[in-house]
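>>> Quick one: sequence and predicted model below, then my questions.
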Amino acid sequence: MTISEKTVNSIRCLAADTVQKANSGHPGAPIGMAPAAYAIWGENMKHNPKDASWPDRDRFVLSSGHASALIYSLLHIFGYGLKMEDMQQFRQWGSLTPGHPEYGHTYGIETTTGPLGQGVANAVGFAIAETILAAKFNRTGYPVVDHYTYAVCGDGCMMEGISSEAASLAGTLQLGKLILFYDDNEISIEGNTDIAFKENVGKRFEAYNWNVIRVKDGNDWQEVSDAIKQAKSQQEKPSLIIVPTTIGFGCPAKAGKASAHGEPLGADNVLATKKALGMPEESFFVAEDVYAHCNELMARNAKTEEAWKAMFAEYCEKYPELKKEWNDWFNKEVPAEVMNDKDLWAFEGKGATRNLSGTIINKLAKLMPNFIGGSADLAPSNKTNIKDGGDYSAENRLGRNFHFGVREHSMAAICNGIALHGGLRVFCGTFFVFSDYMKNAMRMSAIMKLPVTYVLTHDSIGVGEDGPTHQPVEHLAGLRAIPNMQVFRPCDGHETAAAWLTAISSGLPTCLVLTRQDLPLYEGTDERAFKGGYVLSDSKAQPPKAILMASGSEVEPMMNAQQMLWDKGIDTRVVSVPCMEIFEKQSAEYQESVMPKAVRARVAMEAGVTMPWYRFTGLDGAVIGLDHFGASAPAKKLFTEYGFTAENAAETVEKLVK
């Protein structure tokens, strides 16, 4: 047994022990993919465990995140500081080895994976970011951005539609530094994949314009390594390396069976596997010569990083203007001059918030050259186009406008990958109702706390004639339910500016929910919108008899209702709540100043389901909302029929006050 083969088998045995001790997890795929993983991590991937944030490192994505025991074994053996004690705490409270890999939790993990197919799209995002930064910063003799993205996926990832969306776009964009490994073990939870999945994956990817390489023996790490070199020899297409493996390889009782997929092998079977592989029976054992071998491989990579650093130092001396731009692009903090730019707040008259957002996008684009984004074939409607920004393509890597096609799910997950890569600020857009197609990727944005901005237009029944299929009703509640997600529904240009500035500076994902119809510009809207909720129009006396609250387009009828109620001698306050999540983070004193507890007559209005507003109206208040689907009719007719009027708001307040 060579030292390379011994390392492969050590990865296998460590993964099996890890799952067995936890009595939970997925041992089969890590055992089967160990040779390919060694070929990637040990022989081809440019990475340094001493510096996992090295800008020009290769990226590695385990899209089949259930096989986390594989990446944890790699992190341990290759010296990323994951201790054997951590391996023994797999899937336990507070451990560094959770059930699925988590970005920001475990050193060396590039992205959180688990929902199948997400990692494939993330990898496409990584590869896109590499091409943009390379086109921007590389100069002759100074390839300061020159790295690959490796991703491992399985049958489940291939079945999920998001991987097809992402792969189709990657082929169109000719992302030649993207290498995807398909763990072709032909097993899923329910049994052999033939029961639901008989397609020719290689032919599918060839149709996507990928370079498809088929490995004959997935147990031969050298053959996989040769395939990687073959993939690197051409740059015109992304590469799919099909690796035929045996799930649970070496386990006499379970190799090639579904029982090896999602449950421990069993103590006796682990011992039998080690015996079949010619490895010691001791649990959680890695021989010193294996550690030494991997340390030697990583020492080589450390020298590669040192050479890169020396080149980068020369580059900075030769191109000081590019050094400054590099620092600006990779700085996560938003420059003060952007945050304080008064022109971002300059609006006049009425305007649809989608149009106002488009104006701000173009203002931000002039202030931040690394500000990029696109839409799912809806840029003219979403108003997401950066004027004179050019279109990103295989021919133009410096284009700032992305054409994702009608691929909402992969669009969101690709943007996650771009945000994870670093160096770029990214947004994407679609109609609000189609956020349903993006939900899982948006949830991953929130889990990882990625500053991806979602521009979601046509925000309500204001869509009108398109009818209930295109009129979002439950969507505000759904997105507001996601932890770490900021949902802004601005009522005018000033609040839209606050929403955008929050989106680019908060470090969290942000949804901008925007109207198609024109809304008035209010004198009272200002930077207080940064607090998520504020008094837009106060009562004449304190405290008010009632509080009117709303977001977005419903602020207008509430402002009109206030005047009606004043005329009837009922003193009211209007509160604009563009972002509930941020308002609820404010101090108790501030919240009390906006919505005094003593004022129990409260009415909220929003063209969506009523559920989110009861936290503010309380048991004594009322919510004017839409707890049913809409209809096909002109928008004004719908708003009137469903009670989104000043008259209805005023009548509701009168009943509460009496």
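Great, that's in hand.
>>> Quick check: nearest residue in space to Glu186, chain neighbours excluded?
Thr193 (5.0 Å; Cβ to Cβ, 6 or more residues apart in numbering). Every residue, glycine included, has its C-beta placed from N, CA and C.
>>> For that neighbour, grab the count of nearby residues.
Number of residues near Thr193 (other Cβ atoms under 10 Å) recorded here: 20.
>>> ok, now which ones touch it?
155, 186-187 (Cβ atoms under 8 Å, 6 or more residues apart in numbering).
>>> which of the residues you listed are buried?
155, 186-187 (16 or more other Cβ atoms under 10 Å).
>>> Sort out for me which of the contacts of Thr193 are in strands.
Secondary structure defined by DSSP state E assigns Ile187 of the contacts of Thr193 to strands.
>>> quick check: domain ranges of the chain?
According to the domain assignment given by automatic domain parsing, the chain is divided into the following structural domains: 3-299, 336-519, 535-657.
>>> Redo these as JSON lines? Include distance to Lys318 and mean pLDDT.
Written out in JSON lines, the entries for those read as follows (distance: least, Cβ to Cβ, whole Å; pLDDT from 0 to 100):
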{"stretch": "domain 3-299", "distance to Lys318": "7", "mean pLDDT": "98"}
{"stretch": "domain 336-519", "distance to Lys318": "20", "mean pLDDT": "98"}
{"stretch": "domain 535-657", "distance to Lys318": "45", "mean pLDDT": "98"}
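>>> which stretch among those domains comes nearest Lys323?
Lys323 lies closest, by Cβ to Cβ, to one member of the domains of the chain: domain 3-299, at 9.6 Å.
>>> How far off centre is that closest one?
Relative to its chain's centre, domain 3-299 lies at 20 Å (Cα atoms, centre = their mean, to the nearest Å).
>>> swap in stretch 562-576?
Here stretch 562-576 is found 42 Å from its chain centre; the criterion is Cα atoms, centre = their mean.
>>> rewinding a little: tell me the one among the buried ones among the contacts of Thr193 nearest to Thr502.
Ranking the buried ones among the contacts of Thr193 by separation from Thr502, with Cβ to Cβ as the measure, puts Asp155 on top at 40.8 Å.
>>> where's that closest one relative to Cys579, distance?
Distance, Asp155 to Cys579, by Cβ to Cβ, to the nearest Å: 41 Å.
>>> same question, Gly429
According to Cβ to Cβ, Gly429 stands 18 Å off from Cys579.
>>> Tell me which of those two has more neighbours.
Here Gly429 and Cys579 are compared on neighbour count by other Cβ under 10 Å; more neighbours surround Gly429, at 32 against 27.
>>> beta partners for the more buried one?
Using DSSP bridges, the beta-bridge partners of Gly429 come out as Ser375, Val455.
>>> Compute the number of surrounding residues for Cys491.
Neighbourhood size, Cys491 [other Cβ under 10 Å]: 28.
>>> now Gly467
Applying other Cβ under 10 Å, we find 15 other residues in the vicinity of Gly467.
>>> correct me, but it touches Pro634?
No: the pair Gly467 and Pro634 fails to qualify as a contact (Cβ atoms under 8 Å) at a distance of 11.6 Å.
>>> For the closest residue to Ser551 other than its chain neighbours, grab phi and psi.
Here the nearest residue to Ser551 in space, its sequence neighbours aside, is Arg489; by Cβ to Cβ, 6+ apart that works out to 4.1 Å. Torsion angles at Arg489 (phi, psi; degrees, to the nearest 10) stand at phi -130, psi 90.
>>> Can we start the residue count at 47 from this point?
OK, 47 is where the count begins now, so the last one is Arg535.
>>> which residues does Arg535 contact?
In this structure, Arg535 makes contact with 505, 522, 559-560, 597-598, 624-625, 652, judged by Cβ under 8 Å, 6+ apart.
>>> Tell me how many other residues crowd the residue nearest to Thr177 when sequence neighbours are not counted.
Across the structure, with Cβ to Cβ, 6+ apart as the measure, the residue nearest Thr177 apart from its sequence neighbours is Arg443 (4.6 Å). Here the count is done by other Cβ under 10 Å, and Arg443 has 17 residues near it.
>>> same question, Asp423
The tally of other residues near Asp423 (other Cβ under 10 Å) stands at 16.
>>> That one and Val655, how far apart?
With the distance defined as Cβ to Cβ, Asp423 ends up 28 Å from Val655.
>>> One more: Ala644?
Counting by Cβ to Cβ, the separation of Ala644 from Val655 is 28 Å.
>>> Do I have it right that Gly510 meets Phe685?
No: taking Cβ under 8 Å as the contact criterion, Gly510 and Phe685 are not neighbours in contact, 9.5 Å apart.
>>> Quick check: the gap between Asn184 and Val190.
Asn184 is 6 Å from Val190, where distance means Cβ to Cβ.
>>> Could you check which of these two is surrounded by more residues?
Neighbours per residue, other Cβ under 10 Å: of Asn184 and Val190, the larger number sits with Val190, 19 against 15.
>>> What residues does Asn401 make contact with?
When the contact criterion is Cβ under 8 Å, 6+ apart, the partners of Asn401 are Lys429.
>>> mind listing what the closest residue to Gly207 other than its chain neighbours touches?
Closest residue to Gly207 in three dimensions, ignoring its sequence neighbours and counting by Cβ to Cβ, 6+ apart: His455, at 6.9 Å. Neighbouring residues of His455 by Cβ under 8 Å, 6+ apart: 167, 207-208, 211, 483-484, 486-487.
>>> any chance of the residues you listed in CSV, with secondary structure, neighbour count and distance to Ser427 too?
As requested, the contacts of His455 are arranged in CSV below (DSSP: H, G, I helix; E, B strand; the rest coil; neighbours: other Cβ atoms under 10 Å; distance: Cβ to Cβ, whole Å):
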residue, secondary structure, neighbour count, distance to Ser427
Ala167, helix, 33, 23
Gly207, helix, 12, 23
Ile208, helix, 28, 23
Glu211, helix, 26, 20
Tyr483, helix, 22, 16
Met484, helix, 26, 16
Asn486, helix, 17, 24
Ala487, helix, 28, 21
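>>> you'd agree Val198 is in a strand?
Yes: residue state for Val198 (DSSP: H, G, I helix; E, B strand; the rest coil) corresponds to a strand.
>>> who's it bridged to?
Residues found in beta-bridge contact with Val198 (criterion: DSSP bridges) are Leu108, Phe227.
>>> Check the gap between it and His112 for me.
Noted for Val198: a distance of 12 Å to His112, by Cβ to Cβ.
>>> How about Leu128?
18 Å.
>>> so which helix or strand takes in Ile593?
When secondary structure is defined using DSSP states H and E, the element that contains Ile593 is strand 592-596.
>>> re earlier: the residue nearest to Thr177 is in what secondary structure piece?
Using DSSP H and E, Arg443 falls within no helix or strand.
>>> I'd say it and Glu176 touch.
No: between Arg443 and Glu176 there is no contact, the gap being 9.5 Å when judged by Cβ under 8 Å.
>>> for the helix or strand containing Met344, which positions count as buried?
Remark: Met344 resides in helix 334-364, with elements defined by DSSP H and E. Residues of helix 334-364 classed as buried: 336-337, 339-340, 343-344, 347-348, 350-351, 354, 358, 361-362 (neighbour count, 16+ other Cβ under 10 Å).
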